[in-house]
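Enquirer: 3D, please:
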Amino acid sequence: MRVIGTTADQSLLGFEAAKEAMKAVDIDFAVLMAERVIPRESLSAKVILSGELKRKITLKGVKASKGARAAIEKAGGKYEEPAAKPAPEKKLAAKEKKAKE
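Expert: Down below sits the predicted model:
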């Protein structure tokens, strides 16, 4: 697997995840930072398919490509979608205004 981190200036940083070196089975954003798979200044991360996953893991709250999700499930693991972000207030106000009209 390969992990891409996003920093405050929205630049993408690519990092080869040390799959075998990571001891965690339940992996989330905090674990990726603790294991130094992504830098501490990252605001988000996305796992993409690269190579083969040979052990069972659970990926929680981190975005993943379709290929990465398929590889996780093929290895017997689980993928838990990140929680949906609330819509910005401006968009909500515009929706409510349209609904009233």
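Enquirer: look up how far residue 22 lies from residue 47.
Expert: 12 Å (C-beta to C-beta, to the nearest Å). (C-beta placed from N, C-alpha, C; glycine too.)
Enquirer: whoops, residue 49 was the one
Expert: Distance from residue 49 to residue 22, by C-beta to C-beta: 16 Å.
Enquirer: ok, residue 78 touching residue 58?
Expert: Yes - with contact defined as C-beta atoms under 8 Å, residue 78 counts as touching residue 58 (4.7 Å).
Enquirer: what part of the chain, helix or strand, is modelled with the least confidence?
Expert: Every helix and strand in the chain was compared by mean pLDDT, DSSP states H and E; the lowest is strand 12-16, with a mean of 46.
Enquirer: for burial, what's the neighbour tally of residue 97?
Expert: Residue 97: 9 surrounding residues under other C-beta atoms under 10 Å.
Enquirer: now it, what are its backbone angles?
Expert: phi -60, psi -40 (degrees, to the nearest 10).
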